[in-house]
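Asker: Here is a sequence with its predicted model. Questions after.
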Amino acid sequence: MLNKNDQKQFANSLDTFSRDFYHKMFILSVDTDLICSPLSIQICAGMLRMGTKDDSETSRQLDAVLKFSSNDVNQIADGFRSALQYYQKYNVLRLANRVYVMNSIHLRKGFCDALCENFFSTAERIDFNNGQKSAATINAWVESETNNLLKNLVSPDSFSSDTRLVMINVIYFKGEWDIQFDEKHTQSDYFFVDDKNEIQVSMMNSFNKYFFADLSDLDATALRMAYKDTKLFMLIILPNKIDGLVALEKKLKSTTLESIISQLQQLDVFVKLPKFKTEFSVELSPVFRSLGVDTIFRNPEFDKMLEMKQPLRVSQILHMAVIEVNEEGTEAAAATSMMMVDMVATPVWPEQRTFYADHPFYYIIYDEVYGCLFMGNLKQKGLNLINTRKLCERCKGACPKFLAKRFIR
């Protein structure tokens, strides 16, 4: 295990990568709800790093984007091994890695050992020429590791006669709230999509002690909810303005998770939170390129991977994530796959602080030691829709009903 200082450095690298990565992601997904697992993506890229020639342009690019404090491959491996060992203590969290390799290809022993010892990854031979069977095999494994939450990560068309290697990481989480919402207090309420439209949704209600912060620098408020018997939390950051999500997410790129957590105070808070389920899938090659990693797609130096000298390149980086939030807790899963080919009516409550998540917001699920597991936003698509309507002219931008709900200072 890493010492506390090394743990903190590794956690800081994940936090910085998460913010850089998320900033690029939300630019590409402005019209839809977003959910992703930076940890899953970082683990998959870390596995790729194990097969990269030291002191090459490829290794330098990977180290730079993943924000490792050292370019020593053994220290990088130690960091991942320590984090994965740490997460094994949680019954509510499952992390799994697997490498699928073409039948005719032989992996170097050192590469296999690095994946097995540091990423606890297994390897399985497969015939990528049979795309239907390959997709069925990989999807069945992903489904089994995520309690059937993630389906159809890959399709038969994902493979070609040039496919040689597929690296996959999956992460699955199902946690109960430490303070659960009472289902009989869940009722129909309005969610403001923007300053012109509102929709009727299933809104959960609770009055209890939560960790809360007024984030004036972000023009937002924050609420932290704990998961039972863990050191895992959901942190929701809610912009003060109905249409403030884009501005908030831009500011979050330069705001550390630690700086937000440090402002939280335990207070009596009346919470309104919609039930939601968000699914998101994306091909990440453009994101990696925009972050400065391009050699893996054109002329990489994966000299440590295969026994026979054979040029490989990354052809696709697939990421899929799902999250569901309800009265009992949260269920979430994500998977990242790297494909390599040959180079070719509201209850009455006492007066208190209020946190009404009744318009688009940002959220993160994190561990207090290693940081971010999942991050995303809720705009509209994932909501349990009951009804829709447009706001009247008088209400647009300054609806008295909306303003009456704003936070009591």
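Answerer: Now that the structure is in, tell me what you want to look at.

Asker: For the longest strand anywhere in the chain, name the packing helices and strands.
Answerer: Criterion DSSP state E: the longest strand present in the chain is strand 197-215. Other helices and strands packing on strand 197-215, by 3 or more Cβ pairs under 8 Å, 6 or more residues apart in numbering; DSSP states H and E, are strand 187-192, strand 220-226, strand 265-274, strand 353-356, strand 385-390. Backbone N, C-alpha and C define where each C-beta goes, glycine included.

Asker: Let's have the ones you listed in CSV, adding mean neighbour count and mean pLDDT.
Answerer: Formatted as CSV, these follow (neighbours: other Cβ atoms under 10 Å; pLDDT from 0 to 100):
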stretch, mean neighbour count, mean pLDDT
strand 187-192, 19, 95
strand 220-226, 22, 98
strand 265-274, 17, 96
strand 353-356, 19, 93
strand 385-390, 12, 58
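
Asker: Let's have the ones you listed in TSV, adding distance to residue 371.
Answerer: What follows is the helices and strands packed on strand 197-215, written out as TSV (distance: least, Cβ to Cβ, whole Å):
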stretch	distance to residue 371
strand 187-192	29
strand 220-226	14
strand 265-274	21
strand 353-356	23
strand 385-390	33
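
Asker: from memory residue 16 sits against residue 67, does it?
Answerer: Yes. Using Cβ atoms under 8 Å, residue 16 is in contact with residue 67, at 4.5 Å.

Asker: Looking at these two now, which is surrounded by more residues?
Answerer: More crowded of residue 16 and residue 67, by other Cβ atoms under 10 Å: residue 67, with 18 against 15.

Asker: Tell me how far that one lies from residue 185.
Answerer: As judged by Cβ to Cβ, to the nearest Å, residue 67 and residue 185 stand 42 Å apart.

Asker: number of nearby residues for residue 73?
Answerer: 21.

Asker: what's the nearest residue to it if we skip its chain neighbours?
Answerer: residue 54 (6.2 Å; Cβ to Cβ, 6 or more residues apart in numbering).

Asker: Residue 255 too?
Answerer: Per Cβ to Cβ, 6+ apart, closest to residue 255 is residue 218, 6.7 Å.

Asker: For residue 316, give its distance to residue 34.
Answerer: Look at residue 316 and residue 34: by Cβ to Cβ, they are 20 Å apart.

Asker: and residue 139, what element?
Answerer: Residue 139 belongs to helix 131-145 when assigned by DSSP states H and E.

Asker: Touching that helix from outside, list them.
Answerer: Under the contact criterion Cβ atoms under 8 Å, 6 or more residues apart in numbering, helix 131-145 has outside partners 94, 96, 98, 100, 124, 126-128, 149-160, 166, 168, 170, 172, 335, 337.

Asker: Try it again at 7 Å.
Answerer: 94, 96, 98, 100, 126-128, 150-159, 166, 168, 170, 172, 335 (Cβ atoms under 7 Å, 6 or more residues apart in numbering).
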